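**Student:** Here is the input, now give the coordinates:
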Amino acid sequence: MSPAAPFPIAPGELSPPGSRFHALASPFAMKRGGVLHGARIAYETWGTLAPARDNAILIVTGLSPNAHAASNADDPTPGWWEAMLGPGKAIDSDRWFVVCVNALGSCKGSTGPASIDPASGRVYGLDFPELSIEDVADAAADVVVRGLGIERLACVIGNSMGGMTALALLLRHPGLARTHINISGSARALPFSIAVRSLQREAIRLDPHWNNGQYDDSNYPESGMRIARKLGVITYRSAFEWDGRFGRVRLDGTSPFSDDDDPFSPEFQVESYLEGHARRFVRHFDPNCYLYMSRSMDWFDVAEHGGGDVRAGLARIRVERALAIGARTDILFPVEQQEEIAQGLALGGAQAEFIGMESPQGHDAFLVDIARFGPAVRNFLGRL
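**Tutor:** Reported below is the predicted structural model:
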């Protein structure tokens, strides 16, 4: 639990300044084969753990966030879920001891393809073992149980990819959590989501600078990452919101990303927005980590635990209460998938509730539409 980091950090790793690090059990076995030695998970905490250790909440994240969900004593800068987590907020750190972990396989402090392989002294790259959502879940559970000594969580909250991780955790570690909130998550990847992520991965791999995973700062697959990020951002919001925000408004003058030698430089405001968003992302996420984590979502399927049936797999999960919520405009993790989660958990005996939010923001609504998502989370936790 020490904030000190006695682990090598590759240039591709970008952990927040307030991160703490937990050393995973070594060797750490991966679901699809292979093991990790000397691996670690970055995490942050808020609030105080009660003497009975019964007020802990675990947050497992989507693909790109780090462990810095909100400002805290170790890092006062705003986090990616600042409006949701903190004193008096929906996830009230005056009442709860909250832990947010950075996913195994990421480049934000946890061990992943951008980390140093202790066996070779070089960056793992494509020598990193195949990553599954189940591995991410096992690593998060290791932080909770071995790292923090918490035998039972009051709640595990997962959003987006984290919704998958939370379900995997509940399946593989029965009894670890009393309740569950699944936000814009799913029990398996649908063909549309798989297709989008496949195109993102292809964009990265077709960039000559990717070089079969062997790149560096001077030879970095920037074009591939830019295109991958643009594809992702397009699916994170709804067509309704894109129209409301940008319409067909053209740029007033030239875009900061215009190239006089390119007759197809950005002409519309939406093009310039996507380009700016992509350029802010590319040097802040490792391409190989992106590939591994993206593929792990495509592989995940709760039906593996239910004889080929998703609801039967979900029914194997035992929690007292559950809430599954999402935005009706989400095209990446359609709201029907959250409804399916609630139905499956109810078959397992949970008091499960589903809420489809009339939010225009699409998949990213849980990050920005706190006016809708916040009260739902607050009400659920307030009844625990």
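
**Student:** Name the SS class of Leu58, please.
**Tutor:** strand (DSSP: H, G, I helix; E, B strand; the rest coil).

**Student:** ok, it to His277 distance?
**Tutor:** With the distance defined as Cβ to Cβ, to the nearest Å, Leu58 ends up 29 Å from His277. Quick note: C-beta positions are derived from backbone N, CA and C, even for glycine.

**Student:** okay, which residue is most central for this protein?
**Tutor:** Gly62 (1.3 Å; Cα atoms, centre = their mean).

**Student:** isn't that residue right up against Thr165?
**Tutor:** No. With contacts counted by Cβ atoms under 8 Å, Gly62 stays clear of Thr165, the gap being 9.2 Å.

**Student:** Find residues that contact each of the two.
**Tutor:** Listed as contacting both Gly62 and Thr165 by Cβ atoms under 8 Å, 6 or more residues apart in numbering is no residue at all.

**Student:** May I have the phi/psi pair for the residue nearest to the centre of the chain?
**Tutor:** phi -70, psi -170 (degrees, to the nearest 10).

**Student:** Same check on Asp92?
**Tutor:** Per degrees, to the nearest 10, the backbone of Asp92 is at phi -80, psi 110.

**Student:** does the closest residue to it other than its chain neighbours sit in a helix or strand, and which one?
**Tutor:** What sits nearest to Asp92 in space, not counting adjacent residues and going by Cβ to Cβ, 6 or more residues apart in numbering, is Leu381, at 7.3 Å. Using DSSP states H and E, Leu381 sits within helix 370-382.

**Student:** average model confidence for stretch 70-85?
**Tutor:** Stretch 70-85 shows a mean pLDDT of 96.

**Student:** Which of the residues in that stretch are classified as buried?
**Tutor:** Ala70, Ser71, Asn72, Asp75, Gly79, Trp80, Trp81, Glu82, Ala83, Met84, Leu85 (16 or more other Cβ atoms under 10 Å).

**Student:** same for the helix or strand of the chain with the lowest mean pLDDT, what does it pack against?
**Tutor:** For the chain, counting by mean pLDDT, DSSP states H and E, helix 239-246 ranks last in confidence among helices and strands (a mean of 82). Packing partners of helix 239-246 (3 or more Cβ pairs under 8 Å, 6 or more residues apart in numbering; DSSP states H and E): helix 269-282.

**Student:** contact partners of the helix it packs on?
**Tutor:** 64, 220, 222, 225-227, 229-230, 233-234, 242, 245-246, 249-251, 255-257, 266.

**Student:** So which residues of the stretch 251-384 of the chain form helices?
**Tutor:** 269-282, 287-299, 310-314, 335-347, 365-368, 370-382 (DSSP state H, counting those that start in this stretch).

**Student:** Compute the inter-axis angle for the helix holding Leu381 and strand 56-60.
**Tutor:** 140 degrees (axes from the mean of the first three to the mean of the last three Cα atoms, to 10 degrees).

**Student:** Please enumerate residues in contact with helix 370-382?
**Tutor:** 57, 83-84, 89-92, 96, 155, 157, 179, 181, 183, 321, 323, 325, 353, 355, 357-359, 365-366.

**Student:** cool, and stretch 333-343?
**Tutor:** Residues contacting stretch 333-343 (Cβ under 8 Å, 6+ apart): 160, 163, 167, 182-187, 190, 193, 310-311, 314, 322-328, 352-354, 356-357, 363.

**Student:** Show me the residues you listed that map onto strands.
**Tutor:** 182-183, 322-327, 352-354, 356-357 (DSSP state E).

**Student:** By neighbour count, which of those wins?
**Tutor:** Greatest neighbour count in the ones in strands among the contacts of stretch 333-343, by other Cβ atoms under 10 Å, goes to Gly326: 32 neighbours.

**Student:** I'd say that one and Gly362 touch.
**Tutor:** No. Judged on Cβ under 8 Å, Gly326 makes no contact with Gly362 at a distance of 10.0 Å.

**Student:** Pull out the buried positions in the least confident helix or strand of the chain.
**Tutor:** Glu241, Trp242.

**Student:** what comes into contact with it?
**Tutor:** Under Cβ under 8 Å, 6+ apart, the answer for helix 239-246 is Ile234, Phe268, Gln269, Val270, Tyr273, Thr329, Pro360, Gln361, Gly362.

**Student:** Can you select the buried ones from these in ChimeraX?
**Tutor:** Burial among those is assessed by 16+ other Cβ under 10 Å; the matching ChimeraX selection reads:
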select :234,269,270,273,329,360,361,362
